[in-house]
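>>> Fold the following for me, if possible:
(3 chains)
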Amino acid sequence: MIQQKTIRLPQHRRGFHLITSTISRELGELPETGMVNLLIQHTSAALTLNENADPDVRTDLESFTNKLIPENDPVYTHVLEGSDDMPAHIKSSVFGASLTIPITNKQLNLGTWQGIYLCEFRDHGSSRRIIATIYS
Amino acid sequence: MIQQKTIRLPQHRRGFHLITSTISRELGELPETGMVNLLIQHTSAALTLNENADPDVRTDLESFTNKLIPENDPVYTHVLEGSDDMPAHIKSSVFGASLTIPITNKQLNLGTWQGIYLCEFRDHGSSRRIIATIYS
Amino acid sequence: MIQQKTIRLPQHRRGFHLITSTISRELGELPETGMVNLLIQHTSAALTLNENADPDVRTDLESFTNKLIPENDPVYTHVLEGSDDMPAHIKSSVFGASLTIPITNKQLNLGTWQGIYLCEFRDHGSSRRIIATIYS
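Numbers count the residues shown, from 1 in each chain, chains lettered A, B, ... in the order given. Below is the predicted model:
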């Protein structure tokens, strides 16, 4: 059995955000056993799994990623959409636009310390759309 | 229902290439609702989603990635297969060998600006093979 | 049809480790056609596909990744769990916690030179848990 839902995330500020509870709520009742694929339909944002406890992990991910893939690198030619745009595209491919998560006992079967992150790479990103495909 | 197909991409020059229409054509008629997993069976290439509009994004991804993961880094010991080989392996794992994309209304349900990229990391890569697994 | 299994990997030293045969053995008999999703339930380790032949590729991945995402970067504020912890979180998101692999003729349908890697990013990581979800 396959179900699909569109999840609309409200605008988030640039950075890494824990959205596990939002996603769980939007998915609603889950099947006993299965899996869910989440695809963010944007090329300047990403979805990833990381620590759900200390918020410093999210802050450090943002700081380090900005250093690893900086704005205004002299190699960029795609600069008309703002200095945050080309780095956002690169980060989107490095972190990835989709996640596949097992469902067990009607719940997302993540590790104890794992949460779903929205990675918002634009300074003024808009609302973001995720397609959730649930298999059971 | 599960269907599998092998897609053979012709040789591409080193760089990031938009292959959405090739993949759609090779997949043929898609089910009403489902998902497709694409796995590139190589360790010096990758598949990713990124902007389908401005070709400068592809050029900048190539330039920046070459700077981020350069050739001839002094830490490399795996050097016999050419200076482009070890960086190609690292890039393959950073960008990823597989993609899972929802199918809705018999079409790949990507965002308006999203396309499928073949990332060819070798100077003289050969034809590349992708296994497509379609679920419905 | 969906089957789920929990795979417990023994402790591995920090680095990249080829675990294809362990995973195949733990999965047991596979369906004729399908796919398997593997999720590592940790935020300081990852799963990736890369070369299954020359062990130098694994060594170089470890050396280069340590250089790309170093310990003791001045931007880190999450430092209480050791200098290897914050870089481990970043690497986990860059390499990714999950893999989806097609199954064909009752076997994992990887490329000739592709193997499954456990990426252990902690100096003293513990046993690691993987949830395998098999679709057919």
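>>> ranges for the helices of chain A?
A:20-27, A:55-68, A:85-95 (DSSP state H).
>>> hey, which of those helices is tucked in deepest?
For the helices of chain A, the largest average neighbour count (mean count of other CB atoms under 10 Å in any protein chain shown) is found in helix A:85-95, namely a mean of 24. Placement of C-beta: from N, CA and C, glycine included.
>>> For that one, list the C-alpha coordinates in PDB.
The C-alpha coordinates for helix A:85-95 follow below in PDB (Å, rounded to 0.1, in the frame of the first residue of the first chain):
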ATOM      1  CA  ASP A  85      22.300  31.300  -3.600                       C
ATOM      2  CA  MET A  86      25.100  29.300  -5.200                       C
ATOM      3  CA  PRO A  87      26.400  28.000  -1.800                       C
ATOM      4  CA  ALA A  88      22.800  27.000  -1.100                       C
ATOM      5  CA  HIS A  89      22.700  24.900  -4.200                       C
ATOM      6  CA  ILE A  90      26.000  23.200  -3.400                       C
ATOM      7  CA  LYS A  91      25.000  22.500   0.200                       C
ATOM      8  CA  SER A  92      21.600  21.100  -1.000                       C
ATOM      9  CA  SER A  93      23.500  18.400  -3.000                       C
ATOM     10  CA  VAL A  94      26.000  17.700  -0.300                       C
ATOM     11  CA  PHE A  95      23.300  17.200   2.400                       C
END
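>>> Off-centre distance for that helix?
Put simply, helix A:85-95 sits 12 Å off its chain's centre (CA atoms, centre = their mean, to the nearest Å).
>>> Check whether it comes near chain C.
Yes - Helix A:85-95 is in contact with chain C by CB under 8 Å from any CB of the partner chain, via A:Val94, A:Phe95.
>>> which other residues reach that helix?
A:42-48, A:65-66, A:69-71, A:73, A:76, A:78-79, A:119, A:121-122, B:48-51, B:57, B:60-61, B:64-65, B:94-95, B:117, C:93-94 (CB atoms under 8 Å, 6 or more residues apart in numbering or on different chains).
>>> Let me have the helices of chain A in a markdown table, extended by mean pLDDT.
Supplementary listing: these in a markdown table, determined by pLDDT from 0 to 100:
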| stretch | mean pLDDT |
| --- | --- |
| helix A:20-27 | 98 |
| helix A:55-68 | 98 |
| helix A:85-95 | 98 |
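>>> C:Ala97 versus A:Gln114, what's the distance?
Going from A:Gln114 to C:Ala97 by CB to CB, to the nearest Å gives 7 Å.
>>> I should have written A:Asn66 there, sorry.
22 Å.
>>> Equivalent analysis for A:Thr133, please.
19 Å.
>>> what do you get for A:Phe16?
Taking CB to CB, one finds A:Phe16 at 15 Å from C:Ala97.
>>> more neighbours, the two?
A count of neighbours by other CB atoms under 10 Å in any protein chain shown puts C:Ala97 above the other of A:Phe16 and C:Ala97, at 27 against 24.
>>> List the contacts of that one.
Going by CB under 8 Å, 6+ apart, the list of residues near C:Ala97 reads A:Leu49, A:Gln114, C:Leu39, C:Ile40, C:Gln41, C:His42, C:Thr43, C:Ala45, C:Ala46, C:Leu47.
>>> ok, now A:Phe121?
Applying CB under 8 Å, 6+ apart, the residues contacting A:Phe121 are A:Arg14, A:Ser44, A:Ala45, A:Ala46, A:Asp84, A:Pro87, A:Ala88, A:Lys91, A:Ser92.
>>> Could you pull up the residues touching the residue nearest to A:Val36 when sequence neighbours are not counted?
Spatial nearest neighbour of A:Val36, excluding adjacent residues (CB to CB, 6 or more residues apart in numbering or on different chains): A:Ile134 at 4.9 Å. Counting by CB under 8 Å, 6+ apart, A:Ile134 touches A:Ile2, A:Gln3, A:Gln4, A:Lys5, A:Leu27, A:Leu30, A:Pro31, A:Gly34, A:Met35, A:Val36, A:Ile103.
>>> again, but for A:Phe16
So A:Phe16 contacts A:Thr48, A:Asn50, A:Arg58, A:Thr59, A:Leu61, A:Glu62, A:Tyr117, A:Leu118, A:Cys119, A:Glu120 (CB under 8 Å, 6+ apart).
>>> Next step: the contacts of A:Ile134 restricted to strands.
Mapping these onto strands (DSSP state E) picks out A:Ile2, A:Gln3, A:Gln4, A:Lys5, A:Gly34, A:Met35, A:Val36, A:Ile103.
>>> now the residues you listed as CSV including neighbour count and distance to C:Ser126?
What follows is the ones in strands among the contacts of A:Ile134, written out as CSV (neighbours: other CB atoms under 10 Å in any protein chain shown; distance: CB to CB, whole Å):
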residue, neighbour count, distance to C:Ser126
A:Ile2, 18, 36
A:Gln3, 16, 36
A:Gln4, 16, 37
A:Lys5, 13, 36
A:Gly34, 22, 28
A:Met35, 28, 25
A:Val36, 21, 27
A:Ile103, 23, 25
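>>> tally of neighbours for A:Trp113?
Using other CB under 10 Å, A:Trp113 has 17 neighbouring residues.
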